[in-house]
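A.B. asks: Structure for this input, please:
(chains A and B)
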Amino acid sequence: MPVSGIVSRPTYEALAIDPAGRRHLFVADHAFEPDPGVFAALPSEAPVELWRALAEARVGSGAGPRANALARDFRSTTQLLDALAYRLERERVGLRLYAVGLESFVWDVARLARGLGMDSSEYRLSHVGSNRRRVYCVHCRAITENVATNVVACSGCGANLFVRDHFSRRLAAFMGFQIDAEAPGEVPPIEEAFP
Amino acid sequence: MSGADHLPLRVRETEMISPLLKRFVFEAADGGELPPAGAGAHLRLTLEGEGRRWKNAYSIVSAPADRSHLSIIVRRVSPSRGGSAFLHEAVHPGAVVAAHEPGNLFPMSHIARKHLMVSGGIGLTPFLSYLEAIEATGADFELRHFCRDEEIPIFERILSGFDAGRITIHPASAPFDLSQALASQPLGTHLYTCGPEALMGLVLAAARDHGWPASKLHSESFGGAHAGGLPFTAILKKSGLKVAVRDDQTLLEAIEEAGLEPDCLCRGGACGVCLTSVLEGEPDHRDHFLEGAESASNRSIMICVSRAKTQNIVLDL
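C.D. replies: Below is the predicted model of the structure:
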């Protein structure tokens, strides 16, 4: 079982708009359709954009979730994050950014936003979807994506990594360390921990 | 936390920048290196006049990296509580004054990608040290300074050493809309304002209206808040003292005159260090520290700037 009581484990609140923002950009790693109630607190003229990375890749743009809203679809989260970096470099103070999706995705967005001058009062993260984790190997520093089990073979060095609740906002990943370092091969039963 | 005024400073030179503005350059009385002071730091001087003692805080305007001297610019305030007039008239080169180690309640953000400064009048002073620090790091900045029309040449001269292309001096008489400046700043810009309360209030309200988060807004007020008021009496329960607060002094100054040394730091109602419990009486809150409910409950008072609405106020001191 994962080690509990670790305070770096992020917690998330339900997606809510920050009406203090002048412009609002939603980014999602799936076919996210915001609940119209989300926009209730906004003045009708406030610009809203919705960017989504879709599994069925048909890049395009069109009408968004409400009047004054623009929707833009991407082929992948990689492409979306690339466009987001370009956009944020040209943005002005007053923007609010909302990331919706897997933990690895929303923290990638947060990392990008922080690097381009936003702080945590200007972006909101909402975890939606599976609990699969991105794991950072503390030995070889490789990243292993989509980890559902308590122990996983590192994608870099192959070590049996135990996945902790210890989360790095900088790396947008959970810490994994070799569980059988002292006694090679002594690995606890592998079970699905992050469905 | 109030600490001792154990830093003796000798006045190396003074300069009248204008009839109302006087620059003081201090060095360590022992000739050594001065303690470090970051951009935005202030110096608290203990001034001993005839039968009168002032503890006034002034923004340091010299380069933060230079520890050979500390400079301040003092505006002669009218009506003065006495400190600024004393500095203008009675403190000359060679004089030694007691100071506290520099404190900083208005530091620059270290993660800001750009610094937008808006100042009014003598509120420019903390930004002079910002500009020195910015010059050293090459950070992006913009300064908008407001002053009385007739003082424009004075401030042009004060600012003449810095990148004029990014500095705008606005005459107070001309209409000016900050919206354009506030709506066009890149993400990662931090806004700093220092000057008269009315100006700072306008700037901060306009920034919030343009979607600026509180985390990127910084302000420092000076003087003004405690200037004047009706005399009243403070009864200090623990020490059993009855202190008469005159119209031209602050509650804190009156308490210090009575021989107590309550904890304090900024002496401007911002830092919260001098928070004191009110046992009886109604405070006249003039600080920036107490939040709405806390302020309304009248159970606490920031003694450095606030006064009493009632004839007597009983404090837990």
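
A.B. asks: When you work out contacts or count neighbours from here on, use the C-alpha atoms and nothing else.
C.D. replies: OK.

A.B. asks: Point out where chain B drops to low pLDDT.
C.D. replies: Where chain B drops to pLDDT under 70, the residues are B:1-4, B:79-81, B:222-228.

A.B. asks: give me the residue from it nearest chain A.
C.D. replies: B:Gly188 (3.5 Å; Cα to the nearest Cα).

A.B. asks: who touches that residue in this structure?
C.D. replies: Going by Cα atoms under 8 Å, 6 or more residues apart in numbering or on different chains, B:Gly188 touches A:93, A:116-118, B:111-114.

A.B. asks: at 6 Å instead, please
C.D. replies: A:117-118, B:112-113 (Cα atoms under 6 Å, 6 or more residues apart in numbering or on different chains).

A.B. asks: and what of B:Leu7?
C.D. replies: B:98-100.

A.B. asks: Who are the packing partners of the longest strand belonging to chain A?
C.D. replies: Criterion DSSP state E: the longest strand present in chain A is strand A:160-168. Strand A:160-168 sits against strand A:151-153, strand A:173-178, with contacts defined as 3 or more Cα pairs under 6 Å, 6 or more residues apart in numbering or on different chains; DSSP states H and E.

A.B. asks: Any idea how many residues pack against B:Gly165?
C.D. replies: Residues near B:Gly165, counting by other Cα atoms under 10 Å in any protein chain shown, number 8.

A.B. asks: same question, A:Asn146
C.D. replies: Neighbour tally, A:Asn146, other Cα under 10 Å: 16.

A.B. asks: three-state assignment of it?
C.D. replies: Using DSSP: H, G, I helix; E, B strand; the rest coil, the three-state assignment for A:Asn146 comes out as strand.

A.B. asks: circling back: run me through the strand neighbours of the longest strand of chain A, direction for each.
C.D. replies: Next to strand A:160-168 in the sheet, as set by DSSP bridges, lie strand A:151-153 (antiparallel), strand A:173-178 (antiparallel).

A.B. asks: okay if I get the ones you listed as a markdown table plus mean neighbour count, mean pLDDT and distance to A:Phe39?
C.D. replies: Shown next, in a markdown table, are the strands paired with strand A:160-168 (neighbours: other Cα atoms under 10 Å in any protein chain shown; pLDDT from 0 to 100; distance: least, Cα to Cα, whole Å):
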| stretch | mean neighbour count | mean pLDDT | distance to A:Phe39 |
| --- | --- | --- | --- |
| strand A:151-153 | 21 | 96 | 41 |
| strand A:173-178 | 23 | 96 | 31 |
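
A.B. asks: Distance to A:Arg164 for those - can I get that in TSV?
C.D. replies: Supplementary listing: these in TSV, determined by distance: least, Cα to Cα, whole Å:
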stretch	distance to A:Arg164
strand A:151-153	9
strand A:173-178	6
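
A.B. asks: nearest to B:Lys309, of those?
C.D. replies: Comparison of these against B:Lys309 by Cα to Cα identifies strand A:173-178 as nearest, at 56.5 Å.

A.B. asks: residues in contact with the closest one?
C.D. replies: Taking Cα under 6 Å, 6+ apart as the rule, strand A:173-178 contacts A:134-138, A:159-164, A:166-167.

A.B. asks: one more time with 8 Å, if that's ok
C.D. replies: With Cα under 8 Å, 6+ apart, strand A:173-178 has contacts from A:104, A:133-139, A:159-168.

A.B. asks: follow-up on the earlier one: using PDB, write down the CA coordinates of the longest strand of chain A.
C.D. replies: Once non-C-alpha atoms are left out, strand A:160-168 reads as follows in PDB (Å, rounded to 0.1, in the frame of the first residue of the first chain):
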ATOM      1  CA  ASN A 160      11.400  -2.300  -9.000                       C
ATOM      2  CA  LEU A 161      10.100   1.100  -7.900                       C
ATOM      3  CA  PHE A 162       7.700   1.400  -5.000                       C
ATOM      4  CA  VAL A 163       5.300   4.300  -5.800                       C
ATOM      5  CA  ARG A 164       5.000   6.700  -2.900                       C
ATOM      6  CA  ASP A 165       2.400   9.400  -2.200                       C
ATOM      7  CA  HIS A 166       5.300  11.900  -2.100                       C
ATOM      8  CA  PHE A 167       4.500  14.300  -5.000                       C
ATOM      9  CA  SER A 168       6.800  16.800  -6.700                       C
END
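
A.B. asks: and it, what's its mean pLDDT?
C.D. replies: Average pLDDT, strand A:160-168: 95.

A.B. asks: roughly how far out does it sit from the chain middle?
C.D. replies: 17 Å (Cα atoms, centre = their mean, to the nearest Å).

A.B. asks: go on, stretch B:128-140?
C.D. replies: Stretch B:128-140 sits 20 Å away from the centroid of its parent chain (Cα atoms, centre = their mean).

A.B. asks: who touches it?
C.D. replies: Under the contact criterion Cα under 8 Å, 6+ apart, stretch B:128-140 has outside partners B:39-40, B:60-65, B:108, B:113-115, B:141, B:159, B:162.

A.B. asks: how about that stretch: buried residues?
C.D. replies: Using 16 or more other Cα atoms under 10 Å in any protein chain shown as the test for burial, stretch B:128-140 gives B:128-134.

A.B. asks: Equivalent analysis for stretch A:44-51, please.
C.D. replies: A:47-51.

A.B. asks: Show the buried residues in the contacts of strand A:173-178.
C.D. replies: Members of the contacts of strand A:173-178 classed as buried by 16+ other Cα under 10 Å are A:104, A:133-137, A:159-168.

A.B. asks: Note down every partner strand of the longest strand seen in chain B and its orientation.
C.D. replies: Longest strand in chain B by number of residues (criterion: DSSP E): strand B:7-16. Here strand B:7-16 has these sheet partners by DSSP bridges: strand B:21-28 (antiparallel), strand B:96-99 (antiparallel).
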